[in-house]
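**Q** Next input, structure requested:
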Amino acid sequence: MSMLPEHASEAPPIGKIMLVGIGPGSVEHMTQRARDAIAEADTVIGYVTYIKLVADLLEGKEVIRKGMTEELDRAESALEAARAGKRVALISSGDAGVYGMAGPTYEVLFQAGWTPEDPVQVEIVPGASALNACAARVGAPLTHDFCAISLSDLLTPWPTIARRLDAVAYADFVVALYNPKSGRRTRQIVEAQRLFLRHRRADTPVAVVKSAYRRRERIEFTTLDRMSECDIGMLSTVLIGNSNTIVQHGLMVTPRGYANKYDMQDGGSTRDGERPGRSLSTGLNGWLENLIADHAAGDSIETLAERHRLPVDYIRATLNEPLEASAADAPEEAEA
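**A** Just a heads-up that it's a prediction; the model follows:
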C-alpha cells in the first residue's frame, strides 16, 4: 500500500479556453454548444455588453468584465486562468472568429509559447455572425458572392481599408460593413460611400441594421447615395447590395443567377444556348472561346481587357494558354 499523501497522486488540473460565439444576442439564436460551454466554465470573460447578454447563464461563476478596447487583456486573463487549471469561456458576440476574440487569443497564446500540444486546451465554439443575423432580418441579400469589411481604423491603416472598399465596389460584391461609425469615427462611412459611388449606381439598395435580434433592434432601408445620412453607430451593420440586388415588399434580395440560365416566367425552362448542370455559355469556357475569337478577329489585348474590365496581363496570359475542349463537357456539381 502506498504511503504517499493522497494529494500527491492527484494530477494537476488541466485548464481550457473556450472561445464562445454567442450569436447575435438573443438566447434563441445561441447554439446549444455555446450554452453548454458557458455552463461548463468556471470563469467567464468578456466585454461588459456581451456579459449582460448571457447574464442568466452566469450564476455561481467567476465573471471578469472588460472594456471595449481591452481584447488582449481579455485573452491574457483567459490564459492566466487556464494555466491555473480553470475552464474559461471567453465570449464574443456573433462568431468568435469573425472580428471576435479568436484571433487576439491565438496571438497571445503564440506569444506565450503555447502550441496545440500544450496542456491548456483551446476550443472555438462558432456562432452566427452579425452579417448572418442582419441578413436574416432584411431578406436574402447574401445569396451571391459577398464579403465583410470593417471600417475601424483603430488597428488598420485607412489606405488599406480604402483599397479594399474600392476593390470590392469595383468587383460588384455584396458588402457587409462592420464597425461603420462611432462617436469619434464619423467620417469613415462617408469615405466608404464616396468610394462605392465611383463604381455603383446611386440607387443601389442598402440596409442598415442596428442590434439585430436584440431589444433595441432598428432596421432602415435606404440607397447608396443616402447611406451616410442614416442612424449608424457601433451596433450597426451596413449591408450594401450589388448591381442585381433588389428591394421588394420590404425585403432585400440578391438573385443567385438562375435567370441567367432559366426562363423564370416559363416554368424554369432552360434558356436557348444553356444546358442544365453545365456552366453558363458565358462561363469560363464559353468566355474563353469568345475571347479567342475576338482576338483572332483583330481586337487587341488592351481592347479586350477594357471590355471585360480585367487586367491586361491576365488577358494576355489567358490567350497564351490553350483551351481544353473536354472541359466544357465535364459534369458540374449540384448547386444548392
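**Q** ok, now how distant is the spatially most central residue of the chain from P116?
**A** Computing the C-alpha centroid of the chain and ranking residues by CA atoms, centre = their mean puts A148 first, at 4.8 Å. Noted for A148: a distance of 27 Å to P116, by CB to CB, to the nearest Å. (Each C-beta comes from the backbone N, C-alpha and C, glycine too.)
**Q** before we move on, back to that, give the helix, strand or coil label for the residue nearest to the centre of the chain.
**A** Recorded secondary structure, A148: strand (DSSP: H, G, I helix; E, B strand; the rest coil).
**Q** Contact partners for it?
**A** V98, Y99, S129, L131, V175, A176, L177, Y178 (CB atoms under 8 Å, 6 or more residues apart in numbering).
**Q** Between those, which sits nearest H308?
**A** V175 (22.0 Å; CB to CB).
**Q** Following the chain past the host helix or strand of that closest one, name the next helix or strand.
**A** In the assignment (DSSP states H and E), V175 maps to strand 174-178. Using DSSP H and E, the helix or strand that follows strand 174-178 in sequence is helix 188-197.
**Q** Give the other helices and strands that that following helix contacts.
**A** Helix 188-197 sits against helix 158-170, strand 174-178, with contacts defined as 3 or more CB pairs under 8 Å, 6 or more residues apart in numbering; DSSP states H and E.
**Q** pLDDT below threshold where in the stretch 1-150 of the chain?
**A** Low-confidence segments of the stretch 1-150 of the chain, defined by pLDDT under 70: 1-12.
**Q** Apply 50 and report the result again.
**A** For the stretch 1-150 of the chain, applying pLDDT under 50 flags the ranges 1-2, 4, 8.
**Q** Do you have the strands of it handy? List them.
**A** For the stretch 1-150 of the chain, strands defined by DSSP state E, counting those that start in this stretch occupy the ranges 16-21, 43-47, 62-66, 87-92, 121-125, 139-140, 146-150.
**Q** To R198, which of these lies closest?
**A** It's strand 146-150; of the strands of the stretch 1-150 of the chain, that one is closest to R198 (CB to CB) at 15.5 Å.
**Q** Kindly format the C-alpha coordinates of the closest one as PDB.
**A** Extracted in PDB, the C-alpha atoms of strand 146-150 (Å, rounded to 0.1, in the frame of the first residue of the first chain):
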ATOM      1  CA  PHE A 146     -20.300  38.800 -50.600                       C
ATOM      2  CA  CYS A 147     -17.500  40.000 -48.300                       C
ATOM      3  CA  ALA A 148     -17.100  41.800 -45.000                       C
ATOM      4  CA  ILE A 149     -15.000  44.900 -44.300                       C
ATOM      5  CA  SER A 150     -14.500  46.700 -41.000                       C
END
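**Q** That strand pairs with which strands, and in what direction?
**A** strand 174-178 (parallel) (DSSP bridges).
**Q** Any idea how far the strand it pairs with is from the middle of the chain?
**A** How far strand 174-178 lies from its chain's middle: 8 Å, per CA atoms, centre = their mean, to the nearest Å.
**Q** again, but for stretch 233-250
**A** Its chain's C-alpha centre and that of stretch 233-250 lie 15 Å apart, by CA atoms, centre = their mean.
**Q** list the buried ones in it?
**A** Residues of stretch 233-250 classed as buried by neighbour count (16 or more other CB atoms under 10 Å): L235, S236, T237, V238, L239, I240, G241, N242, T245, V247.
**Q** now those residues in a markdown table, with secondary structure, pLDDT and distance to K16?
**A** Listed next are the buried residues of stretch 233-250 as a markdown table, based on DSSP: H, G, I helix; E, B strand; the rest coil; pLDDT from 0 to 100; distance: CB to CB, whole Å:
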| residue | secondary structure | pLDDT | distance to K16 |
| --- | --- | --- | --- |
| L235 | coil | 91 | 31 |
| S236 | strand | 95 | 34 |
| T237 | strand | 97 | 31 |
| V238 | strand | 98 | 36 |
| L239 | strand | 98 | 36 |
| I240 | strand | 98 | 40 |
| G241 | coil | 98 | 42 |
| N242 | coil | 97 | 42 |
| T245 | coil | 97 | 43 |
| V247 | strand | 97 | 46 |
